[in-house]
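Chemist: curious how this folds, go ahead:
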Amino acid sequence: MFRAIRARAPRFPFLVQLKRMVDSFMYQMVHDSIAQDEEELFPQDLPEELDALSRRKAWIERSVVPAFRKVLAEDPGYLKIFLSMLDSIDEAVI
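Modeler: Numbers count the residues shown, from 1 in each chain. Sure thing, here's the model as predicted:
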């Protein structure tokens, strides 16, 4: 399924299995319904990150920052701990 999603065809493995189990009328109903919803899975406005640095930056912006905001909403005092961890990072590690 992961390979199908990466190939922008997540419905393909599902439809192959479904076609083996149901009649053609039911298969076509499900196929048409999924085709409409699948377009929403891959919005075209997402930028393509080609190099590793831009992929990491996008990961920070899309995943780390929202997760960190949720943590701060529950524990605002964690910001001080987090900033001290960033300040104490060994320069050799970076």
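
Chemist: in the longest helix seen in the chain, what counts as buried?
Modeler: In terms of residue count, the longest helix belonging to the chain (DSSP state H) is helix 24-38. Residues of helix 24-38 classed as buried: none (neighbour count, 16 or more other Cβ atoms under 10 Å). Heads up, the C-betas are built off the backbone N, CA and C, glycines and all.

Chemist: pLDDT (mean, whole number) over it?
Modeler: Average pLDDT, helix 24-38: 76.

Chemist: check which helices and strands it is in contact with.
Modeler: If you count contacts as 3 or more Cβ pairs under 8 Å, 6 or more residues apart in numbering; DSSP states H and E, helix 24-38 packs onto helix 11-21.

Chemist: give the other helices and strands that the helix it packs on contacts.
Modeler: Using 3+ Cβ pairs under 8 Å, 6+ apart, the elements in contact with helix 11-21 are helix 2-6, helix 24-38.

Chemist: outline the domain layout of this protein.
Modeler: With domains defined by automatic domain parsing, the chain comprises 2-41, 52-87.

Chemist: worst average pLDDT in the ones you listed?
Modeler: Mean pLDDT is lowest for domain 2-41 out of the domains of the chain, coming in at a mean of 72.

Chemist: please report how far Phe68 lies from Asp32.
Modeler: Distance from Phe68 to Asp32, counting by Cβ to Cβ, to the nearest Å: 41 Å.

Chemist: let me fix that, I meant to ask about Leu50.
Modeler: Applying Cβ to Cβ, the value for Leu50 to Asp32 is 35 Å.

Chemist: same question, Ala73
Modeler: Distance, Ala73 to Asp32, using Cβ to Cβ: 41 Å.

Chemist: next one: Leu83
Modeler: 52 Å.

Chemist: what of Ile81?
Modeler: For Ile81, the distance to Asp32 - Cβ to Cβ - is 52 Å.

Chemist: Leu18 and Gln28 touch, don't they?
Modeler: No. Counting by Cβ atoms under 8 Å, Leu18 does not reach Gln28; the two are 10.6 Å apart.
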